[in-house]
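Asks: Provided below for reference: sequence and predicted model.
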Amino acid sequence: MNPEVTMIVAMNQDRVIGSKKGGIPWSLPRDKSHFRARTSKRWLLVGRTTYLEMTGWFGDRTPIVLTRSLSFQPEVKSHRVASSVPAAIAVARNNGARELVVCGGSAVYHAAIPFADRLIVTKVGFDGEINSPVRFPDFESSAEWRLTAREQWNRDKSNSLEAEMLTYQKKAKNGD
Ligand SMILES: NC(=O)c1ccc[n+]([C@@H]2O[C@H](COP(=O)([O-])OP(=O)(O)OC[C@H]3O[C@@H](n4cnc5c(N)ncnc54)[C@H](OP(=O)(O)O)[C@@H]3O)[C@@H](O)[C@H]2O)c1
């Protein structure tokens with residue numbers, strides 16, 4: 001059976017997820033903890049750019065690196081490589097994964113969203129970088145997604161930005 005495909009992302013109101021220069025343009029420790037917890041011990045799908053930014057971070061997670069390069073060598077032997085989203089889903093399935101968590105970046109979110117069952121979106125109250133082209137796909141104008149959970153994160157001593165954590169499920173073909 002294919003694994004469930006979950007996409008996890010932090011974006012601002014304009015769906016910006018990354019700075020033009022690379023990296024994430026805000027720091028929100030609460031979201032980092034949420035991301036660490038939600039990806040722990042999971043199979044992940046990451047684009048080559050994001051994988052290289054996250055070198056040394058993966059720990060108990062197994063990333064599958066999406067790349068068109070036939071010669072790409074991951075940093076750790078157990079990390080995997082795939083040249084398409086269906087090929088990555090097949091790698092996860094053949095290894096018994098029940099879930100594949102898509103962790104970006106922008107190119108990978110765009111390629112993977114047709115295959116996604118669930119979106120976990122942290123919407124961050126950050127209005128810098130409004131011109132960055134590094135964005136999440138425009139899922140909000142599609143009728144395909146149902147909001148199933150919403151959690152407000154207020155500012156506190158360690159988190160200088162407000163955020164909302166939203167979960168969406170893909171509707172069944174009959175719209176339920
Ligand atoms: N806010 C968040 O939640 C979040 C999460 C993750 C990343 N980010 C940010 O996103 C930015 C990176 O995004 P990005 O779009 O530049 O890069 P990316 O999606 O991480 O990686 C792009 C690379 O992935 C490969 N790729 C993409 N689509 C493919 C496909 N359909 N088939 C085969 N290979 C494919 C290609 O590798 P090859 O060139 O090797 O073929 C491509 O150059 C960074 O700024 C990062 O910090 C933000």
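Replies: Yep, it's here. Numbers count the residues shown, from 1 in each chain.

Asks: how about stretch 77-97 and the ligand, touching?
Replies: Yes. Stretch 77-97 lies within reach of the ligand by Cβ under 6 Å from any ligand atom, at Ser83, Ser84. All C-beta spots, glycine's among them, are computed from the backbone N, C-alpha and C.

Asks: what comes up buried for that stretch?
Replies: Under the neighbour-count criterion of 16 or more other Cβ atoms under 10 Å, stretch 77-97 has His79, Arg80, Val81, Ala82, Val85, Ala88, Ile89, Val91, Ala92, Ala97 buried.

Asks: next one: the first one from the ligand, what distance?
Replies: Using Cβ to the nearest ligand atom, to the nearest Å, one gets 14 Å for the distance from His79 to the ligand.

Asks: was I right to think that residue contacts Phe58?
Replies: Yes. Counting by Cβ atoms under 8 Å, His79 does reach Phe58; the two are 7.1 Å apart.

Asks: which residues in the chain form strands?
Replies: Counting by DSSP state E, one finds strands in the chain at the ranges 4-11, 43-47, 62-66, 80-82, 99-102, 118-124, 145-153, 163-170.

Asks: can you add mean pLDDT and give those back as CSV?
Replies: What follows is those, written out as CSV (pLDDT from 0 to 100):
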stretch, mean pLDDT
strand 4-11, 98
strand 43-47, 98
strand 62-66, 98
strand 80-82, 98
strand 99-102, 98
strand 118-124, 98
strand 145-153, 98
strand 163-170, 98
